[in-house]
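3D model of this:
(one chain, ligands or ions: 1)
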Amino acid sequence: MFRKSFYITTPIYYPSDKLHIGHAYTTVAADTIARYKKMRGFDTRFLTGSDEHGQKIQRTAKEKGMDPKAYVDGIVLGFKELWKALEVSYDDFIRTTEDRHKEVVQEIFVKLYNQGDIYKSEYEGWYCTPCETFWTERQAEGRVCPDCGRPVELVKEESYFFRMSKYADRLLQHIEDNPEFIQPVSRRNEMVNFIKQGLEDLCVSRTTFDWGIKVPFDPKHVIYVWIDALTNYYSALVGGQPGDSLVKKYWPADVHLMAKDIVRFHSIIWPIILMAAGIELPKKVVAHGWLLLEGGKMSKSKGNVIDPLVLIDRYGVDAIRYYLLRELPFGADGYYSEDALVQRINSDLANDLGNLVSRSVAMVEKYFGGQVQSPVENDDIDRDLIKTAGAVIEEYEQLMEKYELSNALAAVWRFISRANKYIDETFPWLLAKDENKRARLGTVLYNLMESIRIITIMIAPFMPALPPRIWEQTGLTNAADDVKSWDSLQEWGLFPSGAVVLKGAALFPRIDNEKVRGEEPESAEAVKQADVKKDDTKKDAGEKQGEEQEGYISFEEFAKIDLRLAEVLKAERVEKTDKLLKLGVALGDERRTIVAGIAKHYTPEELIGRKILIVANLKPAKLRGILSEGMILAASDGDNLGIITVDPDRNIPGGAKAK
Ligand code: MSP
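Predicted coordinates:
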């Protein structure tokens, strides 16, 4: 049977050092796209690798007293270990030091030379002898090396050059004819402007170092950087292959993925090399943004690189993959912070997804001895849930086609919230009290299990280690593949009734930030409170009394008030009053009803979805016949009243304690 193919690549990374979380971002994103395409039935090929030649690597190896090949061998081993730890499922890993690559690079070089697109001339540049590096006029401003600050000298070196300018118009035409060739649009525009300013011929060989692929007809030259590196995407299909089946199947590549730093090489130099060589151009060059740290870009010299292995060890691979792909909106830069990572784990993974699974499984166990019932009849609430599932699947598919991974995850989480809300709307715990409502209860729980099935399939490309853990709890480990496949999303209701659920460990245990990172200093607030406590114990009863007389309360007294963040799930007016609203709120797992006198200041719609501060341990009281289980906090100046909320940017989960 003919299957459509899909070929995706990451940049080949320099093995000059260990990789950091920025490199992990690109590779995990490519892996997610590849896994998704595989699920969609494409014959997928995913390539990554290492870019091993060049002066810098030769120098680093020398500094370590090593042969360059032995040096890169060690580093590349580390790359592969990292990809394994991150569940990256590449089909091929190409190293530019492999013969299969070298042969193809040399072939292309010779072809371009023979047809006159590569010619010999002189390269003139500012040379720093201690650093063995050439700099351009602008880089060597003040005639000093921008790296070490020592004087540079004007040096001429015999080099081969590639006639880029000859192809500029053809490339512009190609970009115009294929509006999706460079993505996102902002990068496309940048590239078009760059080409329009005129392309200079490119220096493509060097004689000042020898750690590279030799020019076959002039071996004192090594082929310089980009012709060598970029050709990997093609050589991985043709080099060392007995036939041309791989290139026939997978070329042209569907996507070259990278960060914006090297988009120019991929969308200008690479297409021109291919045009000159008479090879079809890749379909898309897709550039994402930078993962930054508060202090700016991650770099070894700043000593601020984040090692993904440390994070995997601390938080698990699923959480890291989720965080990276959720945090960086497509094409834009984003900031990495461990606090934000922990927030995501606690709110999105532990609270939203983890709780949905654990609550649903627990209810099937409690009410039906673990067996998922057959659904009977759906009502309006069920139909809304089913409709949301359909809409989210469609949106997800559209977003994935545009590689908007973060938005695709956001869509899945909308459905997760919808499913959590479904529990609150259907009141399974009340249905369980009425023997006549067994069938309804069975249907509600069935719909929840079906929602979890759909969610699990959609998150599989992002968090590949997670589905088996969810299938285990939902009783689908041994279920047929066609209830776990992408195609099964076409139809609601494929969860096999009769499956037996099994409650297991929490999918994502909540993380206590300070405990995990033992080295972290205590928060200023915690220190303050501890000091107050210390002082308090020193004081005798007489002193305490004195404080009370002056209008103070002790810390213990304050601590008696259980202030908590509550998420408003429902809100409605209380009939026959113009003051009262009845709110359904969530404190983490727990659900409560609160009656609040704020109807003159807020409409129910304004409150739904907000997180508000409440006193959670106020004695419950009946208001208009409704038991109110808490009091919301608000500030008022008489006419105006505003509820007290918590900084929404921080995404503190419902149930969190205020202190
Ligand atoms: N060897 C060249 C690429 C040749 S491809 C034919 C190279 N290597 S690199 O090791 O410097 O990798 C650069 C790539 O790593 C970026 O394009 C991006 O994919 C990834 N990233 C490195 N740091 C990153 C961030 N801080 N944020 C996002 N991506 C990052 O250039």
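
Quickly find the element holding whatever residue of the chain ends up closest to the ligand.
Distance from the ligand to each residue of the chain (CB to the nearest ligand atom) is smallest for residue 22, at 2.3 Å. Where C-beta positions appear, they are placed from N, C-alpha and C, glycine not excepted. Counting by DSSP states H and E, the secondary-structure element that holds residue 22 is helix 21-39.

Can you check the pLDDT for the residue of the chain closest to the ligand?
pLDDT, the model's per-residue confidence, is 93 for residue 22.

in terms of contact, does it touch residue 291 like I think?
Yes: the criterion here is CB atoms under 8 Å, and residue 22 meets it with residue 291 at 4.8 Å.

if I look at those two, which residues touch both of them?
Taking CB atoms under 8 Å, 6 or more residues apart in numbering as the contact rule, the neighbours common to residue 22 and residue 291 are residue 298.

pLDDT weak spots in the stretch 301-450 of the chain?
Applying pLDDT under 70 to the stretch 301-450 of the chain picks out residues 301-302.

Averaged pLDDT, stretch 106-119. What do you get?
Averaging the model's pLDDT scores along stretch 106-119 yields 98.

quick one, strands of the stretch 1-150 of the chain?
Along the stretch 1-150 of the chain, the segments classed as strands by DSSP state E, counting those that start in this stretch run 5-13, 43-50, 92-95, 118-128, 133-135.

what are the pairing partners of the longest one, and which direction each?
For strand 118-128, the paired strands and their directions (DSSP bridges) are strand 133-135 (antiparallel), strand 153-162 (antiparallel).

Could you pull up the residues touching the residue of the chain closest to the ligand?
In this structure, residue 22 makes contact with 259, 290, 291, 298, judged by CB under 8 Å, 6+ apart.

got JSON lines for the strands of the stretch 1-150 of the chain, with mean neighbour count too?
Output for these, formatted as JSON lines (neighbours: other CB atoms under 10 Å):
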{"stretch": "strand 5-13", "mean neighbour count": "23"}
{"stretch": "strand 43-50", "mean neighbour count": "23"}
{"stretch": "strand 92-95", "mean neighbour count": "19"}
{"stretch": "strand 118-128", "mean neighbour count": "17"}
{"stretch": "strand 133-135", "mean neighbour count": "20"}
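
Just put the ones you listed in a markdown table and tack on distance to residue 627.
Conversion of the strands of the stretch 1-150 of the chain to a markdown table gives the following (distance: least, CB to CB, whole Å):
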| stretch | distance to residue 627 |
| --- | --- |
| strand 5-13 | 56 |
| strand 43-50 | 56 |
| strand 92-95 | 63 |
| strand 118-128 | 78 |
| strand 133-135 | 75 |
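
Considering those, which stretch scores lowest in mean pLDDT?
Comparing mean pLDDT across those, the weakest is strand 133-135, with a mean of 78.

How about residues contacting that strand?
55, 123, 125-128, 145-147, 152, 155, 157, 208.

Any residues of this structure in contact with the ligand? List them.
11-14, 22-23, 25-26, 51, 229-230, 232, 258-259, 261-262, 290-291, 298 (CB under 6 Å from any ligand atom).

By neighbour count, sort out the buried ones in these.
Applying 16 or more other CB atoms under 10 Å to the residues of the chain next to the ligand, the neighbour count classes 11-14, 22-23, 25-26, 51, 229-230, 232, 258-259, 262, 290-291, 298 as buried.

can you give me how far the helix holding residue 22 is from the chain middle?
Computed by CA atoms, centre = their mean, to the nearest Å, the chain-centroid distance of helix 21-39 equals 9 Å.

One more: stretch 364-371?
Its chain's average C-alpha position is 35 Å from that of stretch 364-371, according to CA atoms, centre = their mean.

before we move on, what about stretch 114-124?
Averaged C-alpha coordinates place stretch 114-124 at 43 Å from its chain's average position (CA atoms, centre = their mean).

next one: stretch 339-349
The gap between the average C-alpha position of stretch 339-349 and the chain average comes to 12 Å, counting by CA atoms, centre = their mean.

By pLDDT, rank the contacts of residue 22 and give me the bottom one.
residue 298 (76).
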